[in-house]
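**Q** Predicted coordinates and the sequence they were generated for:
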Amino acid sequence: MFVLLNHLQRLRRATPPSPVRARGSLAVRHVDAGSCNGCEHELAAATNPFYDLQQYGLNVVASPRHADVLLVTGAITTRMAGPLRTAYEAMPEPRLVAALGDCALGCNLLGDQAELAGPLEAILPVDLRIPGCPPTPKAIAQALTAALHRLATD
Amino acid sequence: MSTPRDASGRMPGVAEIRAVPAAAWRRACLDAHAHGERFGGLFSHLPASGPPRLRAVFSTPAGERLITCEATEGAVETIVDVIPAAGWDEREAHDLHAISFIGHEPLRPLIDHHAPLEAWTVPTVGEDVHQVAVGPIHAGVIESGHFRFHVVGERILHLDVRLSYKRRGLETAAAGRSLGDGIAYAQRACAACAVTNTVAYAQACEAALGLQPDDHLRRARTVLLELERVYNHLNDISAICAGVGFAPGAMAYAALKERAQRLNERLAWHRFLFDTVSVGRSAISFDRQEAADARRELAAIGQEHQLVWRDLRFVSSLQERLEGVATLSAADAERLGAVGPAARASGLRDDHRIHSPHLSYSGFSVAVAEAASGDVAARTNQRALELHQSLELLDDLLTQPLEPGTVRRCGEEASTAVGRVESPRGVTVCVVVREGDRLAALHLRTGSYANWPVLAHAVVGELLPDFPLINKSFELCYACADR
């Protein structure tokens, strides 16, 4: 395992840190409300050694009860609108809602209208918008660290 | 380059249609099965007028057969007793269009979320049996779906899977669009299988239009399919390491996946290779320099993978967590219609790439490990084996620049055709029914859809806390299955 750990250490040292640094932290709860799985891949990629969101105080937490931000992906299907509201209601105040990706933002939606309840704006108040199809991990990392910076300096 | 035709002179992909009365549905399907034709999906469709229509796809290496019938009385006899792989298909057809499958008892709801719990779960009784409900929202960054575990202590007695939370009705919405526009719906079904789904769609459309791709187009699509496989397999090995909490392995492979996706972006302007496949033409090309750069980067990814993989093989705390977990026997894999790396890890020598005349897979041979033990360890090793194979294929395909490809007319037009492509998760079947230039119906049955019931079978008798690991060893998409 020495080779592996050494390798990760080299990778870490070779990766430039994010220019935005803020004190504090944000706990993020993700809800997939009908995505194509692209936003999930990229959100997970934002925690890989190249972007390393945790290093900047951004953590994906298991429960909405521990979360500051509800990060929502997908077209908001009629079947996920209910669970999404339940997750939002479980969050403590103050809470933020982020729309991740073009589907959640209501852009270029494909699908049967009978199956769709979105965009996210129609269901919950949206505070943060991260466009892209899907947004790159770089864009996700920048948007979230910038939001943390704003909150910390307000 | 000419395309081989089957005995009846049909183009590959053009389905031989056998329309039968509802009363003869079961017999027709079982006859095809008895002749060794492989079941590829059962679909129901509600036309603008008339009763719902059922379609079942069967294939042999020589060609595709589509058995169709009108469910005039709203009922046909089931085939699930002989072809268990059709279980989810029949349940879905029942939920969508109220078609009864006589003999499929009980016909539990699959995508109907209004059904009460007792209707869609299997009753389990006995001392200490209880249910654990998980989802639709999961603890990590995972797609939405609901699992109902019936457990005794920590051991899983039975699992009922309820997906469709992400159902966007893509197939319904695609109906009536032009064949060219319809590809967007196939692409949006799933990001991680976007190339597979769009190539399967494009192949079906081209077969229906009597077109066949030239060598450039075949090579372009093969390159894209293998690039998709590379980043998916890297992702899956990372996910399996994460499934047992082995962070160094998870991070090393997440970094490799990132490099593979950055390469995708450099080559095709998109990390998931979106919009690189079109009907009747290729949407990408690259020059000698770009091909050489890609080859170099893939070689570097391959070397780093070898380095890390060798290290992982000697981490006993990881390996011992993978061995003997959720073993799927070859007989069960065959019986349940398992596909892809999961089936091959159980020893099934089955990879649709060897039957792909419209792609550049000449000389391809199916990779099956000697110790195809069918457990999580075997599924992990299978990924590494296929990753190596895909990197070699790409190394070969990228020795020349990629010129814009096109199609040639070479056959009659047909109303119905089937596209079949091996995705990172197994063979994906796309059925296109056209009326002129419009889509009358689109059906997509992905490798994930085929393997979800197999996963539910594989977890029986395993420990509940091992479920995330077992799930990741299959790494099925929810989006693909929900559509």
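**A** Thanks, I have the structure now.
**Q** Look through chain B and tell me its longest strand.
**A** strand B:426-435 (DSSP state E).
**Q** for chain A, that is, sorry about that
**A** Per DSSP E, chain A has its longest strand at strand A:26-32.
**Q** is chain A contacted by the longest strand of chain B?
**A** No. On the criterion C-beta under 8 Å from any C-beta of the partner chain, strand B:426-435 is out of touch with chain A, staying 14.6 Å away. The C-beta positions use only the backbone N, C-alpha and C, and glycine is treated the same way.
**Q** now that strand, how far from the centre of its chain.
**A** 12 Å (C-alpha atoms, centre = their mean, to the nearest Å).
**Q** contacting residues for whichever residue of chain B sits closest to chain A?
**A** Distance from chain A to each residue of chain B (C-beta to the nearest C-beta) is smallest for residue B:169, at 2.6 Å. Contacts for residue B:169 were tallied using C-beta atoms under 8 Å, 6 or more residues apart in numbering or on different chains; they are A:111-112, A:114-116, B:483.
**Q** and if you look at residue A:55?
**A** residue A:17.
**Q** can you list contacts of stretch A:135-152?
**A** Contact with stretch A:135-152 is made by A:18, A:20-26, A:28, A:39, A:42-43, A:45-46, A:48, A:50-51, A:53, A:56-58, A:69, A:96, A:98, A:100-101, A:128, A:130, A:132, B:258, B:271, as judged by C-beta under 8 Å, 6+ apart.
**Q** Buried ones among those residues?
**A** Of the members of those, the ones counted as buried by neighbours, 16 or more other C-beta atoms under 10 Å in any protein chain shown, are A:18, A:22, A:26, A:28, A:39, A:42-43, A:45-46, A:48, A:50-51, A:53, A:56-58, A:69, A:96, A:98, A:100-101, A:128, A:130, A:132, B:258, B:271.
**Q** Out of those residues, name the ones that lie in strands.
**A** Per DSSP E, the buried ones among the contacts of stretch A:135-152 map to strands at A:26, A:28, A:58, A:69, A:96, A:98, A:100, A:128, A:130.
**Q** which among those gets closest to residue B:383?
**A** Nearest to residue B:383 out of those is residue A:100 (C-beta to C-beta; 27.9 Å).
**Q** what does the stretch 301-450 of chain B put close to chain A?
**A** By the rule C-beta under 8 Å from any C-beta, the part of the stretch 301-450 of chain B lying against chain A is B:304, B:307-308, B:310-312, B:314-315.
**Q** Now restrict those residues to buried residues only.
**A** Neighbour-count burial (16+ other C-beta under 10 Å) applied to these gives B:304, B:308, B:311-312, B:315.
**Q** now the residues you listed as JSON lines including pLDDT?
**A** Listed next are those as JSON lines, based on pLDDT from 0 to 100:
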{"residue": "B:304", "pLDDT": "92"}
{"residue": "B:308", "pLDDT": "92"}
{"residue": "B:311", "pLDDT": "91"}
{"residue": "B:312", "pLDDT": "92"}
{"residue": "B:315", "pLDDT": "89"}
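**Q** quick one: the residue of chain B closest to chain A and residue B:285, what's the gap?
**A** 35 Å (C-beta to C-beta, to the nearest Å).
**Q** Leaving out the residues flanking it, which one is nearest to the residue of chain A found nearest chain B?
**A** Here chain A gets closest to chain B at one residue, residue A:112, 2.6 Å apart by C-beta to the nearest C-beta. In this structure, residue A:112 finds its nearest non-sequential neighbour in residue B:169, 2.6 Å apart by C-beta to C-beta, 6 or more residues apart in numbering or on different chains.
**Q** what about the one you found, distance to residue B:447?
**A** Residue B:169 is 21 Å from residue B:447, by C-beta to C-beta.
**Q** Over to residue B:433?
**A** If you go by C-beta to C-beta, the gap between residue B:433 and residue B:447 works out to 22 Å.
**Q** At the geometric centre of chain A, which residue do we find?
**A** In chain A, the residue lying closest to the centroid (C-alpha atoms, centre = their mean) is residue A:71, at 4.4 Å.
**Q** following the helix or strand containing that one, which helix or strand comes up?
**A** Assigned by DSSP states H and E, residue A:71 belongs to strand A:69-73. Next in sequence after strand A:69-73, counting helices and strands by DSSP H and E, comes helix A:78-89.
**Q** got the buried residues for that following helix?
**A** A:78-81, A:83-84, A:87-88.
**Q** For it, which helices and strands make contact with it?
**A** In terms of contacts (3 or more C-beta pairs under 8 Å, 6 or more residues apart in numbering or on different chains; DSSP states H and E), helix A:78-89 is packed against strand A:26-32, strand A:69-73.
**Q** on that earlier part again, and the ones in strands among the buried ones among the contacts of stretch A:135-152 as a markdown table, adding distance to residue B:239 and pLDDT?
**A** Output for those, formatted as a markdown table (distance: C-beta to C-beta, whole Å; pLDDT from 0 to 100):
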| residue | distance to residue B:239 | pLDDT |
| --- | --- | --- |
| A:26 | 25 | 91 |
| A:28 | 19 | 94 |
| A:58 | 21 | 90 |
| A:69 | 24 | 94 |
| A:96 | 28 | 93 |
| A:98 | 24 | 96 |
| A:100 | 20 | 96 |
| A:128 | 27 | 94 |
| A:130 | 23 | 96 |
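**Q** State the number of residues packed around the closest residue in space to residue B:152 that isn't next to it in sequence.
**A** Among residues not flanking residue B:152 along the chain, residue B:128 sits closest, at 5.1 Å (C-beta to C-beta, 6+ apart). For residue B:128, the neighbour count with other C-beta atoms under 10 Å in any protein chain shown is 8.
**Q** Tell me the confidence at residue B:128?
**A** Model confidence at residue B:128, given as pLDDT, is 90.
**Q** Residue B:10 now?
**A** With respect to pLDDT, residue B:10 scores 66.
**Q** next one: residue B:181
**A** 93.
**Q** can I see the domain layout of chain B?
**A** Following automatic domain parsing, one finds the domains of chain B at B:15-102, B:170-482.
**Q** Name the stretch among the ones you listed that sits most buried.
**A** domain B:170-482 (a mean of 21; mean count of other C-beta atoms under 10 Å in any protein chain shown).
**Q** How far off centre is that domain?
**A** Relative to the centre of its chain, domain B:170-482 is centred 8 Å away, using C-alpha atoms, centre = their mean.
**Q** Where do the helices of the stretch 201-350 of chain B begin and end?
**A** For the stretch 201-350 of chain B, the helices defined by DSSP state H, counting those that start in this stretch cover B:215-243, B:247-268, B:288-313, B:316-322, B:330-336, B:340-345.
**Q** Pipe those into a markdown table and attach distance to residue B:118 per row.
**A** Output for the helices of the stretch 201-350 of chain B, formatted as a markdown table (distance: least, C-beta to C-beta, whole Å):
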| stretch | distance to residue B:118 |
| --- | --- |
| helix B:215-243 | 32 |
| helix B:247-268 | 39 |
| helix B:288-313 | 45 |
| helix B:316-322 | 36 |
| helix B:330-336 | 25 |
| helix B:340-345 | 31 |
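**Q** Comparing the ones you listed by mean pLDDT, which bottoms out?
**A** Looking over the helices of the stretch 201-350 of chain B, mean pLDDT reaches its minimum on helix B:316-322, with a mean of 90.
**Q** That helix packs against which elements?
**A** helix B:288-313, helix B:376-397, helix B:467-474.
**Q** among the ones you listed, which is nearest residue B:365?
**A** helix B:376-397 (9.0 Å).
**Q** Heading C-terminal from that closest one, find the next helix or strand.
**A** Later in the chain than helix B:376-397, the nearest helix or strand by DSSP H and E is strand B:407-409.
**Q** which strands and helices sit next to the following helix or strand past that next one?
**A** Using DSSP H and E, the helix or strand that follows strand B:407-409 in sequence is strand B:416-423. Secondary-structure packing of strand B:416-423 (3+ C-beta pairs under 8 Å, 6+ apart): strand B:15-19, strand B:53-60, strand B:63-70, helix B:194-208, helix B:215-243, strand B:426-435.
**Q** Would you list the strands that the second one pairs with, along with their directions?
**A** When pairs are called by DSSP bridges, strand B:53-60 turns out to pair with strand B:38-45 (antiparallel), strand B:63-70 (antiparallel).
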